[in-house]
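Chemist: my questions concern the predicted model and sequence given below.
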Amino acid sequence: QVQLVESGGGLVQAGGSLRLSCAASGGTFSIYVMGWFRQAPGKDREFVAAVSRGGGSSDYADSVKGRFTISKDNAKNTVYLQMNSLKPEDTAVYYCAAAPAPGRYTIYKDPHEYTYWGQGTQVTVSS
């Protein structure tokens, strides 16, 4: 059983930056593909970014490409989401998720592929 705990959310002005962290415990972190998702009030949960189990491959939603960077540190059992040039539309609860990866460069964008989820961290961007 894998436990995921997100941190780093908060209130920031538009144009600012935040770095989210997701610490994992209870499993072999290096075998998991990791993803970040977000959910705004009244909207469905949407894909933000994902990184392969070794960190060598990543993918992003079009809405965050060029602004967000996902990274995975297997030595620290932690995945990060660096968010720059934040916009009010980035306001949401951000969740990290983990799934056992069959391949070295496997990436999942569908939330139904993920087995484990954190509790989420609120990100609010003011205009």
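Modeler: Received, thanks. The structure presented is a predicted model; accordingly, all values stated were derived computationally and were not measured. Numbers count the residues shown, from 1 in each chain.
Chemist: which residue is nearest the middle of this protein?
Modeler: Closest to where the C-alpha atoms of the chain average out (Cα atoms, centre = their mean) is residue 36, at 2.2 Å.
Chemist: just to check, it is in contact with residue 72?
Modeler: No: using Cβ atoms under 8 Å, residue 36 is not in contact with residue 72, being 11.1 Å away. Backbone N, C-alpha and C define where each C-beta goes, glycine included.
Chemist: quickly list what's touching both of those two.
Modeler: With contacts taken as Cβ atoms under 8 Å, 6 or more residues apart in numbering, residue 36 and residue 72 have residue 79 as neighbours in common.
Chemist: before we move on, the earlier item: show residues contacting the strand or helix carrying the residue nearest to the centre of the chain.
Modeler: Here residue 36, judged by DSSP states H and E, is contained in strand 32-39. Residues outside strand 32-39 that contact it (Cβ under 8 Å, 6+ apart) are 2, 20, 22, 24, 45-53, 70, 72, 79, 81, 90, 92-101, 106-109, 111, 114, 116, 120, 123.
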